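K.L.:
Mind folding the following:
(2 chains, ligands or ions: 1)
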Amino acid sequence: MRAFTQHQGIVAPMDRSNVDTDMIIPKQFLKSIKRTGFGPNLFDELRYLDEGKPDQDCSNRPLNPDFVLNQQRYKSASVLLARTNFGCGSSREHAPWALDDYGFRVIIAPSFADIFYNNCFKNGLLPIVLEEEVVDKLFRETEETEGYQLTVDLETKTVITPSGESFSFEVDDFRRHCLLNGLDDIGVTLEDAETIRAYESSRRKTAPWLFNAGN
Amino acid sequence: MAGKTLYDKLWDDHLVKQRDDGSALIYIDRQLLHEVTSPQAFEGLRLAGRKPWRVDANIATPDHNVPTTDRDKGIDGIVDPVSRTQVETLDKNCDEFGILEFKIKDQRQGIVHVIGPEQGATLPGMSIVCGDSHTSTHGAFGCLAHGIGTSEVEHVLATQCLVQKKMKNMLVRVNGTLGTGVTGKDVVLAIIGKIGTAGGTGYAIEFGGEAIRGLSMEGRMTICNMSIEAGARVGMVGVDDTTIEYVKGRPFSPEGETWDKAVEYWRTLHTDDDAVFDKVVELDGAAIQPQVSWGTSPEMVVGVDSAVPDPEKEADPIKREGIVRALKYMGLQPNQKITDIKLDRVFIGSCTNSRIEDLREAAAVVKGRKVAAGLKQAMVVPGSGLVKAQAEREGLDKVFIEAGLEWRDPGCSMCLAMNADKLGQGEHCASTSNRNFEGRQGFGGRTHLVSPAMAAAAAVTGHFIDVRELLN
Ligand code: SF4
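P.N.:
Okay, here's the model as predicted:
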């Protein structure tokens, strides 16, 4: 996995709460058996005026001029500013894949849905929870200043604004460690293979019905 | 020391290793796989040269992309080439790794969350995962069931463990008895209406109380299924006679002495009397009306006797904005009566409501009636090949067909419209599924979540109606 230490980038404001994963990447694009290539279809139904189809060239599709990512000033955004309960709904990991493929590295919101939050870390994407008032303030600043950028430092767990104001955020140690070092979760878990085997063999004795392959 | 909740017990029984940073390795007894969220996980295994840790803990079936007609053609019946590739990829992966799969032509094929319990592959006390957020369904059996992402699917394949942090405990207690015509679906929609779509975030929810105890396993599965719509990754109901009765004699259930031993253990799978929850929510079961969602989030739901809300009356600006946006998308007016909403299509199916009891409830309403003239389509999609066969033995298929509903083959179908079944732009659908997000059932489609009985009532009248008016 790609490591994440520090990132600085343009901020795009997504001003609605409960953005669900169907909205982030609609189901017709889940048919792919790859992990990449979802970027052009990120927020497909909000971004384009027509109905998107898989495997289609998106460069000539009619854009929705009202959608935030279609505005010139946010075109190269890599930090997404969002509202409460971002990423709710389906467990599809295609949602972080699409955000990543588009070029986002950081998502900041007052709260995230659990599965989505978790999925981000597995893909080198950093979800940051900041208090509602702070997020409000960042929304205001982003909208007021064209080219507004934030710096995110995972080492010190801070978000720094252009004026130098800094906000600290929480992230659990294991996830932070994996992200900082670009570690593969599976490799880390397999270091405990012996412990897993020991657990398994004691369960085989106490609860043999869990190992029934059916009849 | 205070007693343990059901979640505490399940957690402790599956804990392989507690790490210093608060995360833990949880052993997974069963993984269910389907074609949409597994290809990249198998690919990951191959790229890293890894093998599945325990092949027999996995069961696979294609469900999201399968067509609900012409099934005798098998994979060739899938018209969309991209969908077909996905189903073929699942077959190839399962064959390569030796994983048991109920393929498209197998009678045991169906929606993952229907076939697990049906096969007894979901047993009380198990930890279960699936790359699908509705895995919480299996919690109805007193299981620790998590919906997971594709990287986690790969992680479980490779290690048989899930990295998890323990969640907080929430109890949702539904007191009293439910009225006639009020089902598990109405209960869970009422719960989501009350606590909101993020109300359960960070919690494992246990559903308890007299009304829940009184429900069948099907009803309990419907409730646990939609835990995720309340923000909770895990939903559960404690084990009782109803649970054990349901599990008995299924293909993967234990027998003889092992059965007795299992039952003895299963009987301990309930919250201790002196256990403490971090949060308790109570509802009066007797006061729950048949529910209908009017908006684009499952929390936007009211009783059938109510009206669509008026944004003017909402004080919170973000919520007001949300209502305005939802009404615009849904093409509804503030204060419009729910019973005045006209429908274009009716869908009875999905992992929430496609089990035999759901179909019986719907059939009881349409029996001797006809689908309303204005409706473009009403369809019934059983949850599995075995549910379909059972329904046909009971003659339910004839009841539906005589009333003018279509009787289809099993799969996810119009729940998320990845196959050919979908809504047209602006069409209103009474749906027994679980999500009413924008575009969920088709581009521009308008979903109203209801119970099977309410969907059936809508099918024969062409608009929403309190099903109790038809039940006498
Ligand atoms: S029926 Fe719907 S919610 Fe259930 S697994 Fe299928 S697509 Fe997901």
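
K.L.:
Low-confidence ranges, the chain, go.
P.N.:
Unless you meant another one, I'm taking chain A. Residues of chain A meeting the criterion pLDDT under 70: A:213-215.

K.L.:
Let me rephrase: I mean chain B.
P.N.:
Within chain B, the segments meeting pLDDT under 70 span B:472.

K.L.:
what's the longest strand in it?
P.N.:
In chain B, assigned by DSSP state E, the strand with the most residues is strand B:168-175.

K.L.:
Neighbouring strands - and their directions - for it?
P.N.:
When sheet partners are counted by DSSP bridges, strand B:168-175 sits next to strand B:203-208 (parallel), strand B:279-284 (parallel).

K.L.:
Tell me which residues of the next helix-or-strand element following the first one come out buried.
P.N.:
Spelled out, that is strand B:203-208. Counting by DSSP states H and E, the next helix or strand C-terminal to strand B:203-208 is helix B:210-213. Buried residues in helix B:210-213, defined by neighbour count with 16 or more other Cβ atoms under 10 Å in any protein chain shown: B:211, B:212. C-beta coordinates here come from the backbone N, C-alpha and C atoms, glycine included.

K.L.:
How about residues contacting helix B:210-213?
P.N.:
B:174, B:175, B:176, B:177, B:178, B:187, B:220, B:223, B:237, B:240, B:242, B:285 (Cβ atoms under 8 Å, 6 or more residues apart in numbering or on different chains).

K.L.:
let's go with 7 Å and repeat that
P.N.:
Helix B:210-213 has contacts (Cβ atoms under 7 Å, 6 or more residues apart in numbering or on different chains) with B:174, B:175, B:176, B:177, B:178, B:187, B:220, B:237, B:240, B:285.

K.L.:
Give me the distance from the longest strand anywhere in chain A to the chain's centre.
P.N.:
Counting residues, the longest strand found in chain A (DSSP E) is strand A:6-13. Here strand A:6-13 is found 13 Å from its chain centre; the criterion is Cα atoms, centre = their mean, to the nearest Å.

K.L.:
State the helix or strand in which residue B:369 lies.
P.N.:
Per DSSP H and E, there is no helix or strand for residue B:369.

K.L.:
I misspoke; the intended subject was residue B:32.
P.N.:
Remark: residue B:32 resides in strand B:30-33, with elements defined by DSSP H and E.

K.L.:
same deal with residue A:23?
P.N.:
helix A:21-24.

K.L.:
And the contacts of that helix?
P.N.:
Helix A:21-24 is contacted from outside by A:42-43, A:45-46, A:87, A:89-90, A:92, A:95, A:98-99, A:116, B:437-440, using Cβ under 7 Å, 6+ apart.

K.L.:
Whether it contacts the ligand - can you check?
P.N.:
No: using Cβ under 6 Å from any ligand atom, helix A:21-24 stays clear of the ligand, with a minimum separation of 10.6 Å.

K.L.:
Give me the spatial nearest neighbour of the residue in chain A that the ligand sits nearest to, chain neighbours excluded.
P.N.:
For chain A and the ligand, the shortest gap (Cβ to the nearest ligand atom) falls at residue A:90, measuring 7.0 Å. Sequence neighbours aside, residue A:21 is the residue nearest to residue A:90 in space, at 4.7 Å (criterion: Cβ to Cβ, 6 or more residues apart in numbering or on different chains).

K.L.:
What is the neighbour count of residue 9?
P.N.:
Since no chain was named, I'll use chain A. The number of residues packed near residue A:9 is 18, by other Cβ atoms under 10 Å in any protein chain shown.

K.L.:
my question was about chain B
P.N.:
21.

K.L.:
Same question for residue A:166.
P.N.:
The tally of other residues near residue A:166 (other Cβ under 10 Å) stands at 12.

K.L.:
Show the contacting residues for it.
P.N.:
So residue A:166 contacts A:158, A:159, A:160 (Cβ under 7 Å, 6+ apart).

K.L.:
Which residues are in contact with the second one?
P.N.:
Just to be clear, that refers to residue A:159. Contacts of residue A:159 by Cβ under 7 Å, 6+ apart are A:108, A:128, A:130, A:150, A:152, A:166, A:167, A:169.

K.L.:
can we see that at 6 Å?
P.N.:
A:150, A:152, A:167 (Cβ atoms under 6 Å, 6 or more residues apart in numbering or on different chains).

K.L.:
All the helices of chain A, residue numbers only.
P.N.:
Using DSSP state H, the helices of chain A run over residues A:21-24, A:44-47, A:94-102, A:114-121, A:132-144, A:173-181, A:185-190, A:193-206.

K.L.:
near the ligand, which residues of the stretch 1-150 of chain B show up?
P.N.:
By Cβ under 6 Å from any ligand atom, the residues of the stretch 1-150 of chain B that approach the ligand are B:63, B:64, B:111, B:113, B:132, B:134.
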